[in-house]
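Asker: just to be clear, the model below is a prediction. Sequence and coordinates:
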Amino acid sequence: MITVSVIKADVGGVPGHSRVHPELEEIARTNLKKEKDLIDFHVTHCGDDLELIMTHK
């Protein structure tokens with residue numbers, strides 16, 4: 001069975017609540033690449049919310 005998980009994190013923004021800092025998105029990508037249980041993932045944002053979309057077993 002494959003599970004799809006979507007995590008939304010309100011991480012604040014740069015400046016104000018306009019967007020996620022690019023370094024924070026890169027940190028998320030770097031850490032998700034290390035996870036062996038993940039099949040695939042996508043890191044994105046909407047305003048100051050960071051979204052992690054993942055498939056795993």
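Answerer: Cool, the structure landed.
Asker: and the gap between residue 30 and residue 5?
Answerer: Separation of residue 30 from residue 5 (C-beta to C-beta, to the nearest Å): 18 Å. Bear in mind the C-beta positions are built from the backbone N, C-alpha and C, glycine included.
Asker: and residue 8, what is it in contact with?
Answerer: Contacts for residue 8 (C-beta atoms under 8 Å, 6 or more residues apart in numbering) come out as 49, 50, 51.
Asker: most neighbours, which of the residues you listed?
Answerer: For those, neighbours were counted using other C-beta atoms under 10 Å, and residue 50 has the most, 22 neighbours in all.
Asker: any idea which element that one lies in?
Answerer: strand 49-56 (DSSP states H and E).
Asker: got the end-to-end distance for stretch 26-44?
Answerer: In stretch 26-44, first residue to last residue: 10 Å (C-alpha to C-alpha, to the nearest Å).
Asker: would you mark the buried spots in that stretch?
Answerer: Within stretch 26-44, the residues scored as buried using 16 or more other C-beta atoms under 10 Å are 28, 32, 41, 43.
Asker: quick one: that stretch to chain centroid distance?
Answerer: The chain centre lies 8 Å from the centre of stretch 26-44; the measure is C-alpha atoms, centre = their mean, to the nearest Å.
Asker: and stretch 38-48, by the same measure?
Answerer: Its chain's C-alpha centre lies 4 Å from the corresponding centre of stretch 38-48 when counted by C-alpha atoms, centre = their mean.
Asker: want to try JSON lines for the contacts of residue 8, with distance to residue 16 as columns?
Answerer: Shown next, in JSON lines, are these (distance: C-beta to C-beta, whole Å):
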{"residue": "49", "distance to residue 16": "13"}
{"residue": "50", "distance to residue 16": "16"}
{"residue": "51", "distance to residue 16": "19"}
